[in-house]
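1. Have a look at this prediction, sequence included:
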Amino acid sequence: MSDKFRKSKSDKSSSAAKTGAKPASGPAAGKRRSSEGPAMPFEHKILEIEDKIQELKELADSTSFDVSGEIVSLEEQLREVISKTYNDLTPWERVNVARHPKRPVTSDYIQMLDDFVELHGDRTFGDDPAMVTGMATMGDRRFVLIGHRKGRTVKERLECNFGCAHPEGYRKAWRKMKLAEKLGLPIVCLINTPGAYPGIGAEERGQAMAIAENIIGMFSLKVPIVVLVIGEGGSGGALGIGVGDRVLMMEHAYYSVISPEGCAAILWKNGERSPEAAEALKLTSEDLTALGVVDEIIPEPLGGAHRAPAEAIATVKETLLRHLEELDGIPADELIRARRLKFRNIASIEGRFPVVSG
Amino acid sequence: MSKEPDPKEVAEQTEDPSERKPGRLSRLRFSKKKDMPGGLWLKCENCSSLIYRKELEAAGRVCPSCSFHFTLPGRQRVQSLLDPGSWEEVFADITGLDRLSFTDKIPYSEKLAKTAERLGQNEALICGRGSIEGRSVILAVLDFSFMGGSMGEVVGEKLALASDLARVEGRPLVIFTSSGGARMHEGALSLMQMAKTCSALQSLSDAGGMSICVMTHPTTGGVTASFASVCDLVLAEPGALIGFAGPRVIAATLKQELPPGFQRAEFLIKKGMLDGLVSRSELRPMLGRLLDYAKGSHVGGDVEDDLAADEVPNRLSGGRTDSRTPSERGKVRLDVPSAESSN
Ligand SMILES: [Zn+2]
């Protein structure tokens, strides 16, 4: 268990620890830790059972004992525990799920495509690896894919700045979106970023201006735009590719004006209060649907997308195709008008101001 | 000291004046403790010289030693900018709803009410009609003294409405910003105001309306990354801190000292991010000259109907008439520091 997770122990995990759910140990658990990254405290019980099943399976393979009965009963227990745990996640635990190293990232969703041609560069400054763009075909639909790239391995993650894009990333995205418009192709944006990169070069090259230009520009694009938050929806860095006719969100993704850590640091000067901040920010898919920020939640497999990536990706594919189908053929002026009104109506303060009319 | 904002209220990624300790980051000189005992004197944030408070106020809150432009409270900005008697405030009664029931030290709704009472205004954005050197405008001023000029649903809504008003009435929109960014007490709803304001500005732009933003000290976060940066003209007051991430966040991320002058208006103009620098004393004449370049007298139409307008209406053909000759008007030349002076 890393320090990060030890510090952020939630009420539930500490009570679980008290009731005897000790962190899984032994050789199998050790193997899991190194191959799958840090565990989330609330998953201790789940991992413990998964490890037991794994051990029994290995035992069955290497000896002639019949343990199939035990395995079946453990698997049933596992489903129950996962279901119970995941039905009852706190917002902070969900933030951890959204950041899980095994969670599908943009490159995994690219695997679901029937064709993908990556297009590089903003033709002005550089090619930001934290933003991936290209021509995509999925089923009977062609579109332009824009997505934050977090990377999978440590090396990739470092190269991509953990999904924090620079201005050239946003300008690359804009360039490809304009191309989509010209070719009459819809646009699909996959959001997965802790936030836009805070650095000297990023500021020098106009991080704020690049994001702002994308936001305003997307209100004039004459082709359908479907936005999906697949993991982390971090602030302006997310919104920089986040204006669309549909805004969808994975069940365990989060979308927020500031990270829970940043919020806790500013409000209480105490990063350990991140769970409280996560609660207060109303950043879960259900909360954001209730607030009118998100149009539809894409349900995840039992126990989160990291537990069954293929299943999660299949649901995403189906949902994206449905929305592309629905938006197909809507005249551009109607599309743009509706898109502008959609964002005008989020948190509009009805009846509390003089109505402006001609 | 009621004019100075409570630093703790400043939202996302904002400098916190009370937190700044001199040391490795002191070269930023952004926000050392401002007050000297007694309150008669204060220290310049930029050059650290001692200034007699009355002298600073008399100079329009511009440092007599280094010309650093101190943040101007919203009402003072309105008063100093507009022609006397031309101001007519609109949307003043819109107040926030605290949809998240957010609580930090005290409930957000309580904080809003207290701030409103202290400042005598409901929110951080002040909007209205007025004129600048005879040119009628819609003016929107972000007031840093109201929760650090942060943008929540009311600020977003009012800015969008001001943009609508500019479009419908055919007046240029003039915006002044000083803000820590999006207001985190309103969560993703405040983030969405970045989109809402841009939506309204694009409709204004499609209708041929003109927008001018003057960024003042400090303008950061979600305000810089939305409506402030997409106006037709983006100007700044000298010395203003302008950026996406706050300097403290960047220094903490990079674990290194930031270069001198980083994120200042003079730095941004050299990087090509601004149309011009305008000192406070030159603002009225400069805005007056620029406003003469706005298209026609009426760009309007019904708000709803025009939201998707992407053609300039024919009504725009008429233009403002100015009896002065071009030479009398003079060439518009914005004040850009030379390479030597800004190093
Ligand atoms: Zn000074």
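-> Structure's in. What do you need?
2. which residues does the closest residue to residue A:115 other than its chain neighbours bridge with?
-> Among residues not flanking residue A:115 along the chain, residue A:137 sits closest, at 3.9 Å (C-beta to C-beta, 6 or more residues apart in numbering or on different chains). No exception for glycine: its C-beta is placed from N, CA and C like everyone else's. Taking DSSP bridges as the rule, residue A:137 bridges to residue A:115, residue A:142.
3. Report how many residues lie close to residue A:137.
-> 14 (other C-beta atoms under 10 Å in any protein chain shown).
4. do the same with residue A:129
-> For residue A:129, using other C-beta under 10 Å, the count is 18.
5. coming back round to it: quick one: the residue nearest to residue A:115 from residue A:113, how far?
-> 6 Å (C-beta to C-beta, to the nearest Å).
6. can you give me the helices in the stretch 101-250 of chain A?
-> A:106-110, A:154-159, A:167-183, A:200-204, A:207-218, A:235-239 (DSSP state H, counting those that start in this stretch).
7. For these, give me TSV that also has distance to residue A:327.
-> Below are the helices of the stretch 101-250 of chain A laid out as TSV (distance: least, C-beta to C-beta, whole Å):
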stretch	distance to residue A:327
helix A:106-110	19
helix A:154-159	32
helix A:167-183	13
helix A:200-204	33
helix A:207-218	14
helix A:235-239	20
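8. Need the winner for burial among these.
-> Per-stretch averages of neighbours, counted by mean count of other C-beta atoms under 10 Å in any protein chain shown, single out helix A:235-239 among those, with a mean of 30.
9. which other helices and strands contact that one?
-> strand A:187-193, helix A:207-218, helix B:187-206, helix B:221-224 (3 or more C-beta pairs under 8 Å, 6 or more residues apart in numbering or on different chains; DSSP states H and E).
10. relative to helix A:207-218, how tilted is the third one?
-> Orientation note: helix B:187-206 sits at an angle of 70 degrees relative to helix A:207-218 (axes from the mean of the first three to the mean of the last three C-alpha atoms, to 10 degrees).
11. Now do helix B:187-206: distance to the chain's middle.
-> 16 Å (C-alpha atoms, centre = their mean, to the nearest Å).
12. Count residues in the vicinity of residue 73, would you?
-> Answering for chain A, as no chain was given. Residues near residue A:73, counting by other C-beta under 10 Å: 10.
13. wrong one, chain B
-> 21.
14. try residue B:285
-> 13.
15. And it, how close does it get to the ion?
-> 24 Å (C-beta to the ion, to the nearest Å).
16. isn't that residue right next to residue B:133, touching?
-> Yes. Counting by C-beta atoms under 8 Å, residue B:285 touches residue B:133, with 6.7 Å between them.
17. need the residues of chain B near the ion, please.
-> For chain B, the contact set with the ion under C-beta under 5 Å from the ion comprises B:44, B:46, B:47, B:63, B:65, B:66, B:68.
18. Mind putting the residues you listed into a markdown table with secondary structure, neighbour count and distance to residue A:241?
-> As requested, the residues of chain B next to the ion are exported to a markdown table (DSSP: H, G, I helix; E, B strand; the rest coil; neighbours: other C-beta atoms under 10 Å in any protein chain shown; distance: C-beta to C-beta, whole Å):
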| residue | secondary structure | neighbour count | distance to residue A:241 |
| --- | --- | --- | --- |
| B:44 | coil | 21 | 41 |
| B:46 | coil | 21 | 37 |
| B:47 | coil | 15 | 41 |
| B:63 | coil | 22 | 41 |
| B:65 | coil | 12 | 45 |
| B:66 | coil | 17 | 41 |
| B:68 | coil | 22 | 37 |
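19. Among those, which has the minimum pLDDT value?
-> Here the lowest pLDDT out of those sits on residue B:46, with 85.
20. Pull the contacting residues for the nearest residue to it once chain neighbours are set aside.
-> Nearest-residue entry for residue B:46: residue B:68, 3.6 Å, with adjacent residues in sequence omitted and distances by C-beta to C-beta, 6+ apart. By C-beta atoms under 8 Å, 6 or more residues apart in numbering or on different chains, the residues touching residue B:68 are B:44, B:45, B:46, B:47, B:62, B:217, B:238, B:239.
21. How about residue B:89?
-> B:126, B:127, B:128.
22. How is it assigned, secondary-structure-wise?
-> strand (DSSP: H, G, I helix; E, B strand; the rest coil).
23. Return the set of residues that bridge with it.
-> residue B:128.
24. neighbours of the residue in the stretch 251-358 of chain A that chain B sits nearest to, just the number please.
-> Per C-beta to the nearest C-beta, residue A:337 is where the stretch 251-358 of chain A lies closest to chain B, at 3.1 Å. Neighbour count for residue A:337, taken as other C-beta under 10 Å: 19.
25. where's it relative to the ion, distance?
-> From residue A:337 to the ion the distance is 49 Å (C-beta to the ion).
26. what distance separates stretch A:144-164 from the middle of the whole chain?
-> 12 Å.
27. I misspoke; the intended subject was stretch B:145-164.
-> 11 Å.
28. do that stretch and chain A meet at all?
-> Yes. Applying C-beta under 8 Å from any C-beta of the partner chain, one finds stretch B:145-164 touching chain A at B:153, B:154, B:156, B:157, B:158, B:160, B:161, B:164.
29. Filter those residues down to the buried ones, PyMOL style.
-> Here is the PyMOL command that picks out the buried ones among those, judged by 16 or more other C-beta atoms under 10 Å in any protein chain shown:
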select buried, chain B and resi 153+154+156+157+158+160+161+164
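30. Can you tell me which of the residues of stretch B:145-164 next to chain A end up in strands?
-> Using DSSP state E, no member of the residues of stretch B:145-164 next to chain A sits in strands.
31. ok, of the residues of stretch B:145-164 next to chain A, which one's closest to the ion?
-> For the residues of stretch B:145-164 next to chain A, the residue nearest the ion by C-beta to the ion is residue B:158; the value is 32.9 Å.
32. coming back round to it: would you format the helices of the stretch 101-250 of chain A as CSV with mean pLDDT and distance to residue B:183 included?
-> Converted to CSV, the helices of the stretch 101-250 of chain A look like this (pLDDT from 0 to 100; distance: least, C-beta to C-beta, whole Å):
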stretch, mean pLDDT, distance to residue B:183
helix A:106-110, 96, 30
helix A:154-159, 91, 31
helix A:167-183, 98, 23
helix A:200-204, 94, 22
helix A:207-218, 98, 17
helix A:235-239, 96, 12
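33. wait, which of the ones you listed is closest to the ion?
-> helix A:200-204 (23.3 Å).
34. where along the stretch 101-250 of chain B do the helices fall?
-> B:108-119, B:153-169, B:187-206, B:221-224, B:247-254.
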